[in-house]
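Novice: Structure, please.
(2 chains)
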Amino acid sequence: MVLVVAVSDYLTGIEISVTLLYLVPICWCAWFAGRGVGVFIATVSAGAWLGAEWLERWSTIQPWVVFWNTLMMGGIFVVVATLLATLKATQANLEATVARRTTKLVAEVTVRRRTEGKLRLANTELQRTQMQLIEAAKMEAVGRMAAGVAHEVKNPLMTLGMGVDYFLQRPISDADDASLLHDMKHAVLRGTKIINLMLDFSKPRPLQPSPEDLNAIVENALGLVRHQLLKHRIEVVRQLQAGLPMLSLDHTHMEHVLVNLFTNAVHAMSDGGTLTVRSSLQAATDTSIVLEPQVILEVEDTGPGIPQEQLPNIFEPFHTTKPPGQGTGLGLAIVHRIIQIHGGSVTLGNRPEGGARATLTFNLQPKPHP
Amino acid sequence: MTKHRILIIDDDASITRGVRRNLVATGAYEVRQENHALVAVQSAREFMPDLILLDVMMPEMDGGAVAARLREDPLLKDIPIIFLTAIVSNEETHGSEAYIGDEEYLAKPVDLNILIRVIEGHLEG
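Specialist: Next comes the predicted model:
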């Protein structure tokens, strides 16, 4: 401000206007050209302008006034150009800082999303493990009960069985007596089957895994229920993906699982229907993480489906959707348990178009069951 | 025809009685039942069976301990033993018989036909 006042004392109004006219493009150049070049341009421009002024006023103005004007204007130009160049450099620094921080922020957001994905996955895994631990505790309790009950029930069953066998081997003249004995024999066998299922459920045979072709096990299991399927006029639709990777499975256990699921489907379609068995290899993906591919096996029927209120407890031991006396309530519990000890998972639900669907999921690298 | 001698040792008298009646009814066996594990060895010495059916879980002494005593006795050590147990399922015995070490066992309740087949297998072998 002091410089502006000083200059205005020595220059006329028109000279100030001319000076500003020069200053605007010079400052503009300095702003865009950068600090060092801007100072150079400003100095040269100021020198040119003052040279012209000096030539014009040579005859009328005292030399010391010209000198003073030159000095003052040069100083002004240098100061203004330096300020503008500094301002530009500051802006460039600011932009570079913003760009750097933006890049860092983007990187942080990416890392955070990945971390969130991992956390989500870990949380899911934790919930799964918690459920498995609860399940394991329940199974342990059922196992203890089964072992205790087994001893107390199997001995009386043996007494009854031996008694019935004894009388069945003797001549029986009355048909009703014979029928009664056969009913008793049937009851003993049924009681034996249930108690054995309880023992198998609570203390399943240790896994004997080996590399297995899931599609081949499906075919074996379908062969085992072939007569039931034919008897109830059930059409089988196979949608088995060829070339599935081999899975580490216990063949006998898996056959047991599939026979259970197919038998349930047959019971749901006693008047005929369609049983669809579908296998596929699917890439399991999360929003930010790609997981191991999984083998999916779906078993679908066209029966009435499962009542919605029963779905949450469908895998509970002794839970059955069948009429009293027709189901042990252990079939699906055993399916669940066997799939669990294979490190896989099983879900059961209703299809939108009607009927039930069981979905079995197997990891290529099975996770150990707690 | 010489009848084979079978000793059945089980604390549940209804089981030993049932087994005895069924085996005797075949006409091929002479059967003695023993419901007290503590005197099982003495009973075996007196009866000198060709085969012993032995329950595993008994209150006075378990089947394993009885078997060990039988194996220590020079007169009884070669008599085949078939264990009967209620604490395994049929799946564990593969539907019929299985082995604990060298000893065969059957899951209760035992099917009569399987019991006779296993007994015959031992006696004929």
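Novice: From now on I want contacts and neighbour counts done on CA atoms only, so please keep to that.
Specialist: OK.
Novice: Phi, psi for residue B:50 please.
Specialist: phi -90, psi -20 (degrees, to the nearest 10).
Novice: For it, which residues are in contact?
Specialist: B:4, B:5, B:6, B:79, B:80, B:123 (Cα atoms under 8 Å, 6 or more residues apart in numbering or on different chains).
Novice: how much space between the residue positioned nearest the centre of chain B and chain A?
Specialist: Nearest to the mean C-alpha position of chain B, counting by Cα atoms, centre = their mean, stands residue B:53 at 0.3 Å. Taking Cα to the nearest Cα, to the nearest Å as the measure, residue B:53 falls 14 Å from chain A.
Novice: Do you know the pLDDT at that residue?
Specialist: As predicted, residue B:53 sits at a pLDDT of 96.
Novice: same thing with the one 3 residues further on?
Specialist: According to the model's per-residue confidence, residue B:56 sits at a pLDDT of 87.
Novice: Please look at it and residue B:67 and confirm they touch.
Specialist: No. Using Cα atoms under 8 Å, residue B:56 is not in contact with residue B:67; the gap is 9.5 Å.
Novice: wait, which of the contacts of residue B:50 is closest to chain A?
Specialist: Of all those, chain A sits closest to residue B:6, with 16.2 Å by Cα to the nearest Cα.
Novice: tell me the secondary structure for the closest one?
Specialist: strand (DSSP: H, G, I helix; E, B strand; the rest coil).
Novice: quick revisit: out of the contacts of residue B:50, who's the most crowded?
Specialist: In terms of neighbours by other Cα atoms under 10 Å in any protein chain shown, the contacts of residue B:50 top out with residue B:6 at 23 neighbours.
Novice: How far away from the center of its chain is the helix or strand containing residue A:261?
Specialist: Element membership for residue A:261, per DSSP states H and E: helix A:251-268. Counting by Cα atoms, centre = their mean, to the nearest Å, helix A:251-268 is centred 29 Å from the centre of its parent chain.
Novice: swap in stretch A:101-109?
Specialist: In this view, stretch A:101-109 has its centroid 25 Å away from the chain centroid, taken as Cα atoms, centre = their mean.
Novice: Then stretch A:145-159?
Specialist: 46 Å.
Novice: average pLDDT across that stretch?
Specialist: Rounded mean pLDDT across stretch A:145-159 is 82.
Novice: So for that stretch, what gets flagged as buried?
Specialist: By neighbour count with 16 or more other Cα atoms under 10 Å in any protein chain shown, stretch A:145-159 contains the buried residues A:146, A:147, A:149, A:150, A:151, A:153, A:154, A:155, A:156, A:157, A:158, A:159.
Novice: swap in stretch A:249-264?
Specialist: A:249-251, A:253-264.
Novice: Give the closest residue to residue B:36 in space, chain neighbours not counted.
Specialist: Here the nearest residue to residue B:36 in space, its sequence neighbours aside, is residue B:11; by Cα to Cα, 6 or more residues apart in numbering or on different chains that works out to 6.0 Å.
Novice: pretty sure the one you found is in a helix, no?
Specialist: No. Read with three-state DSSP, residue B:11 is coil and lies in no helix.
Novice: Is there a neighbour count for it? I'd like the number.
Specialist: Applying other Cα under 10 Å, I find that residue B:11 has 21 neighbouring residues.
Novice: do residue A:114 as well
Specialist: With other Cα under 10 Å as criterion, residue A:114 counts 15.
Novice: Which other helices and strands does the helix or strand hosting it contact?
Specialist: Per DSSP H and E: residue A:114 is located in helix A:63-168. Applying 3 or more Cα pairs under 8 Å, 6 or more residues apart in numbering or on different chains; DSSP states H and E, one finds that helix A:63-168 contacts helix A:2-10, helix A:13-33, helix A:35-57, helix A:175-202, helix B:13-25.
Novice: No further questions, thank you.
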